[in-house]
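S.K.: Quick one: sequence and predicted model below, then my questions.
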Amino acid sequence: MGHKLKIAGWVSVGVVAGALTTVSLQTVARGAMTPLPLEEIQQLSAVFGLVKTDYVEPVDDKKLITDAISGMVASLDPHSQYFDKKSFKEFREGTSGRFVGVGIEITQEDGLIKVVSPIEGSPAFRAGLKTNDLITQIDETAVKGLALNDAVKRMRGEPNTKVTLTIFRKDESRTFPVTITREEIKTQSVKGKVIEPGYGWIRLSQFQERTVDDFVRKVEEIYKQDPNVKGLVLDLRNDPGGLLDAAVAISAAFLPENVTVVTTNGQLAESKSTYKAAPEYYQRRSGGDPLRRLPAAIKSVPMVVLVNEGSASASEIVAGALQDHKRATIMGSQTFGKGSVQTVRPLGPDTGIKLTTARYYTPSGKSIQAKGIVPDVMIDESEEGNVFAALRMREADLDKHLGSGQGEEKKDAAREKAREEARKRLEEEAKKPAADRKPPEFGTDKDFQLVQALNQLKGRPVLVSKTLTERKEEKKEN
């Protein structure tokens, strides 16, 4: 996610010869400087023929070709993906904020499915699934080796049907089943309230089609309840991202007009773009500027942005823009580091591919990819600390992750030492009751990080983390 849906021509996929002809035409059309590798293409054709004639039982032509496409795209990076008819429909439903499923954002890790973030209020959220949980089995099907879109298919289904997920939770060193009833997920991506007189809290759990309008309404409600807001907390913790234009709009709500929000860079000319805090970069075809109703004070109210390891993609764009323009103090822990652009290319009327086409850069030119946003003030999840922070997974931990494109990637010896110390403490921590380790709900008076954010806005002392440090990008091992 983290992109606006882009449509770029139709490609016909048929038999092998027809498919290769189409690819060749598309390569020329896109101005590729190198010819197709004919020897490797011949090998692909030969393998196709051998499978058709020699395999133990007949194999459907369409299955062979779609599996080959799926494997080719999935081998690039964790976010590129082939969509068959059903998964393409589900993807488009997801960006609209309505679909039937369990309600989790996922990625792949070591052949398993990793929970990036449960969607607030969803069946998965109510069932207690957490960021970094690993799904090892869906009903009776082992996840190991299962393609990401196949896993999504198995977790989605009809409303009121059940699915059993087998979860491995690293920080508790245990595996357990969770049975979840599917339902239509109508995600409410914006929450907010006056947290105490003079101070507002707005939480974004995703960036969807409705997010900007919902955000504007929530800001209006807060200022109507308390016209003299002295400070605002924008909470992006566990926000996995979403639509690029929504991220640009949220950034523009707080920034001066026409300043740069984010830039992108890739091979194609259309991938080299600059997005600014102006209506033409975020407004939809009708309705005009959705931010026009916001109170003028929103441009200057003192701000803190809360982030953590689950803050990814579009949420990192917002945090990076507000940080670079010194509009807000970023607090929490280093973000996920998902700084790549995915473009959706249709392959026909109801199939397509999601392909990584560019990297995101903050206004100062820093790559977000595999690095993330480093907070101005590092704070722990709780008053007791953040002892297992070194074990938390980020983009840089994902298999085949895209590098930042900025300088050499080096192994972080200090992080390896911190990981080892954290592992040693796992056994001790696992003996405690699970309830003792459950973090409090965001937005409550027991939300330690929110309390620290309010202290920052009030000029009071902040309990800065003694364990969290910036995580450097680690060397990729091929």
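M.R.: Nice, I can see it.
S.K.: Buried residues of stretch 134-149, list them for me.
M.R.: 134-138, 143, 146-149 (16 or more other Cβ atoms under 10 Å). C-beta: built from backbone N, CA, C; applies to glycine.
S.K.: Do a quick rundown of the strands in the stretch 301-450 of the chain.
M.R.: Ranges of strands in the stretch 301-450 of the chain, per DSSP state E, counting those that start in this stretch, are 303-307, 329-332, 340-346, 352-361, 377-378.
S.K.: what's the fourth one packed up against?
M.R.: Contacting strand 352-361 under the criterion 3 or more Cβ pairs under 8 Å, 6 or more residues apart in numbering; DSSP states H and E are the following elements: helix 61-74, strand 81-83, strand 260-265, strand 340-346.
S.K.: rerun that using 10 Å as the cut-off
M.R.: When contacts are defined as 3 or more Cβ pairs under 10 Å, 6 or more residues apart in numbering; DSSP states H and E, strand 352-361 packs onto helix 61-74, strand 81-83, helix 85-96, strand 260-265, strand 273-276, helix 314-324, strand 340-346.
S.K.: Isn't Met182 up against Thr164?
M.R.: For the record, residue 182 is Arg, not Met. No: if you go by Cβ atoms under 10 Å, Arg182 and Thr164 don't touch, sitting 11.5 Å apart.
S.K.: Which one of these two is surrounded by more residues?
M.R.: More crowded of Arg182 and Thr164, by other Cβ atoms under 10 Å: Arg182, with 20 against 12.
S.K.: could you list every residue that touches that one?
M.R.: Each residue near Arg182 by Cβ atoms under 10 Å, 6 or more residues apart in numbering is listed here: 99-103, 123, 155-163.
S.K.: what do you get for Met378?
M.R.: 330-334, 386, 389, 464-470.
S.K.: just the helices in the stretch 101-250 of the chain please.
M.R.: For the stretch 101-250 of the chain, the helices defined by DSSP state H, counting those that start in this stretch cover 123-126, 148-155, 211-225, 244-254.
S.K.: and Ser465, how many neighbours does it have?
M.R.: Ser465 has 20 nearby residues by other Cβ under 10 Å.
S.K.: Quickly compare the strands of the stretch 301-450 of the chain and say which is most buried.
M.R.: Ranked by mean neighbour count under mean count of other Cβ atoms under 10 Å, the strands of the stretch 301-450 of the chain are led by strand 303-307, which reaches a mean of 27.
S.K.: packing partners for it?
M.R.: Here strand 303-307 touches strand 199-204, strand 231-235, helix 314-324, strand 329-332, helix 448-458, going by 3+ Cβ pairs under 10 Å, 6+ apart.
S.K.: And the second one, what's buried?
M.R.: Under the neighbour-count criterion of 16+ other Cβ under 10 Å, strand 231-235 has 231-235 buried.
S.K.: Give me the distance between Arg126 and Thr175.
M.R.: Arg126 is 21 Å from Thr175, where distance means Cβ to Cβ, to the nearest Å.
S.K.: Does Lys162 touch Ala127 like I think?
M.R.: No: Lys162 is beyond contact range of Ala127, at 11.3 Å (criterion: Cβ under 10 Å).
S.K.: quick one: which of those two has more around it?
M.R.: Taking other Cβ under 10 Å, Lys162 and Ala127 do not tie; Ala127 has more neighbours (17 against 12).
S.K.: For Asp399, find the nearest of the helices and strands packed on strand 352-361.
M.R.: Using Cβ to Cβ as the measure, helix 61-74 is the one of the helices and strands packed on strand 352-361 that comes nearest Asp399, at 10.4 Å.
S.K.: Burial check on Lys326, number of neighbours?
M.R.: Neighbour tally, Lys326, other Cβ under 10 Å: 8.
S.K.: Enumerate every residue touching it.
M.R.: By Cβ under 10 Å, 6+ apart, the neighbours of Lys326 are Asp376.
S.K.: so where's the stretch 251-400 of the chain uncertain?
M.R.: Across the stretch 251-400 of the chain, the ranges flagged by pLDDT under 70 are 285-286, 386-394.
S.K.: shouldn't Lys86 be in contact with Arg154?
M.R.: No: Lys86 lies out of contact with Arg154 (Cβ under 10 Å); the separation is 11.2 Å.
S.K.: re the thing from before, next, format the contacts of Met378 as a markdown table and append distance to Val116.
M.R.: Shown next, in a markdown table, are the contacts of Met378 (distance: Cβ to Cβ, whole Å):
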| residue | distance to Val116 |
| --- | --- |
| Ile330 | 20 |
| Met331 | 21 |
| Gly332 | 16 |
| Ser333 | 15 |
| Gln334 | 15 |
| Asn386 | 19 |
| Ala389 | 17 |
| Val464 | 27 |
| Ser465 | 22 |
| Lys466 | 27 |
| Thr467 | 23 |
| Leu468 | 20 |
| Thr469 | 22 |
| Glu470 | 21 |
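S.K.: Closest one of these to Gln452?
M.R.: Nearest member of the contacts of Met378 to Gln452, counting by Cβ to Cβ, is Met331, at 6.6 Å.
S.K.: give me every residue that touches that closest one.
M.R.: Counting by Cβ under 10 Å, 6+ apart, Met331 has contacts 233, 304-308, 375-379, 449-450, 452-453, 455-456, 462, 464-465.
S.K.: now with 8 Å?
M.R.: 304-307, 375-379, 449, 452-453, 456, 462 (Cβ atoms under 8 Å, 6 or more residues apart in numbering).
S.K.: what does Lys114 give?
M.R.: 106-108, 132-135, 393.
S.K.: can you tell me which residues contact Tyr199?
M.R.: Tyr199 neighbours (Cβ under 8 Å, 6+ apart): 229-233, 454, 457.
S.K.: With Gly385 instead?
M.R.: 465-467.
S.K.: Would you mind splitting the chain into its domains for me?
M.R.: 16-81, 98-186, 190-458 (automatic domain parsing).
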